[in-house]
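K.L.:
Turn this into a structure:
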Amino acid sequence: MTTYVPAAPTHGEPSRHLGGARALHPYALVTAAIAAVHGVVIGALGVAGYFYLDDIDMTAEAARHPFGWDYLTLPVNDHLTPGLRTFYWISAYLAPYDNDSTMLARIVMQTIATLLMAYLLALLFGPGRTAAIGVGLYAFSPLLVPSLLSLSSGVNLLPTHIGILLLLVMHVRYEATRRLKYAAFGALGVLLAVVFWEKAALSVALAPMLTLFYLSSGGLRARLRALLRSWPAWLVYFLPMVAFAVVFLTGDYASSRETPSLSAIWDLFSDAWTGSIAPAAIGGPWTWFSLDNVYYSASAPGAIAVIAGQVTAVVLCVVAVRRNGWWALRAWLLPATVLAGTAVLLAAGRYDYVGVILARNFHYLSEITIALVLAELLLVVVPDPVAVAARGRSGLWPAAKTGQPAADAPPPPDHRALGPVGLGLVVAVFAYAVSYGTTVSEFEKRWVENPVRDYMTTALRDLDRNTAKGPISVFDTYVAGTVANFISGNRRVSDVFRPVERHLPADVRWDDASGPMLMFDQGGHLLPARFVEEATSVDQPGVLCAHPLRGVGSVTVMLDKKIPHPDGFLRLDYLTQTPTSVSVRLADGATTFAPRRFSEVTLTTGAFTSLMLGTPNRGFDRVVVTSTDPTAALCLAAKAGRPEPAL
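P.N.:
So this is what the prediction gives:
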């Protein structure tokens, strides 16, 4: 194994430890340039996108709840993600459906992650060319594309990256100083990561692997002793995962009931490597798989991209063995460990329903980017543990007196680790840039086809225009299927537009039949609506009040046929001499159920008045009205049907 051997500065070359501020500039400027270019590229692509199914659903869900423990611990599918819940609550209350503000938040978070990666790499390799190349590989990794352009992925994954990188940075500092405060800061990184994405717990394994393989020296026994000597850090890192596990296991979160098979685990592991991770290492996959009505794409590399990814991995291995011996291949254990854990979790989760397409979904592979970049660099450049410890104690650019190196100064950064910047490196960088650009542009072409933007833009504009004239009443129908489909928990227009109501000039009243009503069409236009009758109450010929309700009791108003529409409404017409509180139930056969709203209502006096009752996606053939008021005197009738835009 070949490691870096410190050497004094050559005659005539100023020491890198002189004038710390001057030494800061090259690496810091390169890092800042990478972060800035990346932010501009992703920002320009991101503002052309918009919210999608999960984003709409979770924003609407956030607006239904006060901020508190009950809301934060609501399951997201079968996940516990209080961090994600917090983000969507803030978004719903401060800037609902504002894509630009969420894009800015994503850029800021990714910039923080990039700077943390830059610091970590500078600690390991010194603030030189090797670290700068690693920063570029991380910032422009295709594995990050969905988590930057898709909000629902970004909310999970970008804070997760920050948490994992904070852990690793602080762990290097802990190993160098043995100060428990750094381990405590690392534990905060673990907590940040797992509250946004519980799978981040797999990446905590990177800390002991760094200690065993790169932050210690000597034979196996010496390295194991170094590993055991850091037991306080392992304990501190473990505490937030235990706390998270307690909340998860005591909550109502789904878990796999079957042990995943080894073949399923292997299929996911191997397909993730060949179809996602290896092509991503060369800037791929170039092409994406996507269904016509699904705007989140999965990796679908062609044969050339797959082969190029494998060839790149082989070339890295050959270079690593020639430079540093066979032991250098241990670097692959970093991404392989995280990928193996990911495959186990995916196989135990949705593999039976989705199959190996999970291995092509970058949402599940994003945080592996950190381990992958580390592995690519560690294969070629093996850091000196003494130099890493010195940087961990004294910083990247320790202060020094003029002409004298700092007493505890690390060696100069390795400027020859990858050889001189020649034509080969220039060609490689150019080829990667073209490959990455192709991947991102192909993803973006599909992503901007998202039909939600046109619907929401139209609907929000029409809501603002109509409420400017005063309160309006709107039928609470389903939104278009492109905005919220059958798996969404918030499919009604009242759910979707609840976050924006507080920002409108006047109230929106849902299913209020006391005046003219409007409805949204499938394009998001708010139009005058009429109620189309499809069934009516069974009246008695010649009887003025066929369905009376007097005093305490119930009356059942039968319809002349059953209404099966999932988006149906029942209009209950009534006349009362005094204000009367009643409860209302819809019925189908022997089953009764509450309407979506107005199940407990006070009926007002006056002319013949109507109450609009929306059905909770169930058919019905009658309505049961119950009074507990001994002075009640009601006359009832009913009509069932659906709304449609008025011509």
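K.L.:
Grab the nearest non-local neighbour of A243.
P.N.:
Closest residue to A243 apart from its sequence neighbours, by Cβ to Cβ, 6 or more residues apart in numbering: L191 at 7.8 Å. For glycine as for every other residue, the C-beta is placed from the backbone atoms N, C-alpha and C.
K.L.:
Ignore what I typed, I meant G251.
P.N.:
T73 (6.0 Å).
K.L.:
Check what pLDDT the residue nearest to Q310 when sequence neighbours are not counted gets.
P.N.:
Distances taken as Cβ to Cβ, 6+ apart put A278 closest to Q310, at 5.6 Å, once the chain neighbours are dropped. A278 carries a pLDDT value of 93.
K.L.:
could you list every residue that touches A278?
P.N.:
Neighbouring residues of A278 by Cβ atoms under 8 Å, 6 or more residues apart in numbering: 306, 309-310, 312-313.
K.L.:
Please apply the same query to L586.
P.N.:
Neighbours of L586 in contact, by Cβ under 8 Å, 6+ apart: 570, 592-595, 613, 615, 618, 620, 622-624.
K.L.:
Dump those residues to CSV, plus neighbour count and pLDDT.
P.N.:
Shown next, in CSV, are the contacts of L586 (neighbours: other Cβ atoms under 10 Å; pLDDT from 0 to 100):
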residue, neighbour count, pLDDT
L570, 24, 88
T592, 14, 88
F593, 13, 88
A594, 15, 88
P595, 23, 88
L613, 26, 86
T615, 22, 82
R618, 16, 81
F620, 26, 86
R622, 20, 87
V623, 25, 91
V624, 14, 92
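K.L.:
before we move on, back to that, and of the contacts of A278, the nearest to L210?
P.N.:
A313 (21.1 Å; Cβ to Cβ).
K.L.:
Please identify which helix or strand holds that closest one.
P.N.:
In this structure, A313 is located in helix 303-324 according to DSSP states H and E.
K.L.:
swap in G163?
P.N.:
helix 151-177.
K.L.:
Next secondary structure after that helix?
P.N.:
Per DSSP H and E, the first helix or strand lying C-terminal to helix 151-177 is helix 180-196.
K.L.:
right, and the helix or strand after that following helix?
P.N.:
helix 206-213.
K.L.:
Do a quick rundown of the strands in the stretch 501-647 of the chain.
P.N.:
Counting by DSSP state E, counting those that start in this stretch, the stretch 501-647 of the chain has strands at residues 508-510, 517-520, 526-536, 547-550, 553-563, 569-576, 580-588, 591-593, 600-603, 609-614, 620-627, 633-645.
K.L.:
Next, format those strands as TSV and append distance to D57.
P.N.:
TSV is the format used below for these (distance: least, Cβ to Cβ, whole Å):
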stretch	distance to D57
strand 508-510	18
strand 517-520	17
strand 526-536	21
strand 547-550	40
strand 553-563	27
strand 569-576	23
strand 580-588	26
strand 591-593	23
strand 600-603	27
strand 609-614	19
strand 620-627	27
strand 633-645	23
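K.L.:
Around the residue nearest to L239 when sequence neighbours are not counted, count how many other residues there are.
P.N.:
Take L239 and drop its neighbours on the chain: the residue closest to it by Cβ to Cβ, 6+ apart is A187, 6.2 Å away. Using other Cβ atoms under 10 Å, A187 has 22 neighbouring residues.
K.L.:
State the pLDDT value of A187.
P.N.:
Confidence score, pLDDT, at A187: 96.
K.L.:
for the most centrally placed residue in the chain, what are its contacts?
P.N.:
Nearest to the geometric centre of the chain sits S153, at 2.8 Å (Cα atoms, centre = their mean). By Cβ under 8 Å, 6+ apart, the contact set of S153 is 146-147, 362-363, 366.
K.L.:
ok, now L339?
P.N.:
Contacts of L339 (Cβ under 8 Å, 6+ apart): 269, 272-273, 277, 365, 368.
K.L.:
for the strands of the stretch 501-647 of the chain, which one sits closest to G134?
P.N.:
It's strand 517-520; of the strands of the stretch 501-647 of the chain, that one is closest to G134 (Cβ to Cβ) at 49.8 Å.
K.L.:
what separates stretch 443-453 from the chain centre, distance-wise?
P.N.:
17 Å (Cα atoms, centre = their mean, to the nearest Å).
K.L.:
Would you mark the buried spots in it?
P.N.:
443-444, 447, 450-453 (16 or more other Cβ atoms under 10 Å).
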